[in-house]
Structure formats: C-alpha cells, structure tokens
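J.: Predicted model and sequence follow; I will ask about them next.
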Amino acid sequence: MRRVILAIVSTAACLVLLLSFKTRSTSAGLPPVPAITTAPAHSPKPATRPATSKGHPKAASSGSAGSAAPTTVAGNVVQTIYGPVQVAITVTNRKITAARVPVYPNGSPHDQQISSYALPQLIQETVAAGSANISAVSGATYTSQGYRSSLQSAIDKAGL
C-alpha cells in the first residue's frame with residue numbers, strides 16, 4: 001500500500017512540475033531578424049566611367065581590361081509554404097561578390113527565427129560558391145529551396 005501511495009504522490013509531483021515549467025516566450029525572446037545582406041570580403045572601389053566630350057558616361061564594355069562596375073540583379077520571387085523568398089546578387093567582373101535577401105518568410109516568430117538562422121548561411125555559401133550549387137540548411141528546407149530557385153533566376157538574369 002505504501003508503494004502505491006508513494007507512486008501516486010511522486011507522479012502528481014512530477015506532473016505539477018511539468019505543467020508549471022515556463023518556456024521562453026516566442027515573440028519577446030527572439031532577436032530581431034537582421035538585415036540579411038553580406039558585403040564582399042574586400043570592398044572594391046566603384047569603377048568610374050570616363051565621360052565623353054558631351055559629359056555623358058560611356059557604356060561599359062564587357063571585354064574591357066579594367067574592373068567592371070558592380071551590378072545588382074534581383075531574382076524572381078519564389079513562393080514557399082512559409083512565404084515568399086527573393087534573392088538579389090551583386091556581380092562584379094562576372095563573379096558574385098555579394099548577396100542579399102530583400103524578401104523572406106517573416107510572418108511568424110518561428111519564420112523569423114528560421115530566417116535569421118538560415119539566410120546568413122545561405123548568403124555566405126552563395127558568395128563562396130559563386131553559383132546556385134549550394135547546400136540546404138538543415139531545418140530550413142523549404143526556405144533553402146526557395147532561396148536556391150530565386151538565386152538561380154538572378155544568376156540567369158545576370159548572364160553568369
């Protein structure tokens with residue numbers, strides 16, 4: 001009889017402890033989602049275009065020996081089950097030198113948490129790989145797939 005009473009009391013005590021456990025608030029405890037952008041490791045000087053005699057800049061030629069001016073190209077907005085994703089890349093000398101994500105899932109605290117975790121990793125990998133051949137981030141599969149699709153469309157628009 002003592003064992004039964006002891007088992008009931010300890011079960012009740014564990015149940016009270018379990019139900020009184022307070023978890024972190026999902027909205028107050030999360031850090032704000034950072035501006036998802038990555039600058040190149042070395043900041044290239046913006047290329048200046050020589051002026052013609054009328055003061056209008058000449059069109060930059062793609063075959064010039066000097067450095068080309070950085071160009072930003074935005075990819076298509078890709079819908080995921082958690083929200084839209086859009087990637088914009090900066091291309092200098094036919095290389096991806098920076099990437100940013102102007103549109104990303106942020107409709108709920110969970111979306112914001114995943115975006116603040118996954119997007120910086122995806123951006124870093126994009127600049128390192130210089131292509132859309134990047135790995136998905138574990139726990140952010142749908143966001144990673146949307147990111148890669150938008151990135152590929154930006155790469156296609158940039159002609160890389």
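T.: That came through, no problem. Quantities reported herein were computed from a predicted structural model and do not represent experimental measurements.

J.: At which residues are the strands of the protein located?
T.: Assigned by DSSP state E, the strands in the chain fall at 37-38, 71-74, 78-80, 83-92, 95-103.

J.: possible to save those as a markdown table with distance to residue 159 and mean neighbour count?
T.: For the C-beta atoms, the positions are set from N, CA and C on the backbone; glycine is no exception. Putting the strands of the chain into a markdown table (distance: least, Cβ to Cβ, whole Å; neighbours: other Cβ atoms under 10 Å) gives the following:
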| stretch | distance to residue 159 | mean neighbour count |
| --- | --- | --- |
| strand 37-38 | 22 | 16 |
| strand 71-74 | 9 | 16 |
| strand 78-80 | 20 | 17 |
| strand 83-92 | 9 | 22 |
| strand 95-103 | 12 | 19 |
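
J.: Can you add distance to residue 132 and mean pLDDT and give those back as TSV?
T.: Formatted as TSV, those follow (distance: least, Cβ to Cβ, whole Å; pLDDT from 0 to 100):
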stretch	distance to residue 132	mean pLDDT
strand 37-38	16	44
strand 71-74	13	91
strand 78-80	12	92
strand 83-92	9	92
strand 95-103	10	91
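
J.: now for these, which one comes closest to residue 151?
T.: strand 83-92 (4.5 Å; Cβ to Cβ).

J.: residues making contact with that closest one?
T.: Residues outside strand 83-92 that contact it (Cβ atoms under 8 Å, 6 or more residues apart in numbering) are 40, 44, 67-78, 96-107, 111, 126, 143, 146-147, 149-151, 154-155, 158, 160.

J.: Could you export that strand as CSV, CA atoms only?
T.: Taking Å, rounded to 0.1, in the frame of the first residue of the first chain, the C-alpha atoms of strand 83-92 are listed here in CSV:
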residue,chain,number,x,y,z
GLY,A,83,6.2,32.7,-47.5
PRO,A,84,8.0,34.3,-50.4
VAL,A,85,11.7,34.4,-50.9
GLN,A,86,13.7,36.6,-53.3
VAL,A,87,17.5,36.8,-53.7
ALA,A,88,19.4,39.8,-55.1
ILE,A,89,23.1,39.3,-56.1
THR,A,90,25.8,41.8,-56.8
VAL,A,91,28.0,40.8,-59.7
THR,A,92,31.5,42.3,-60.3
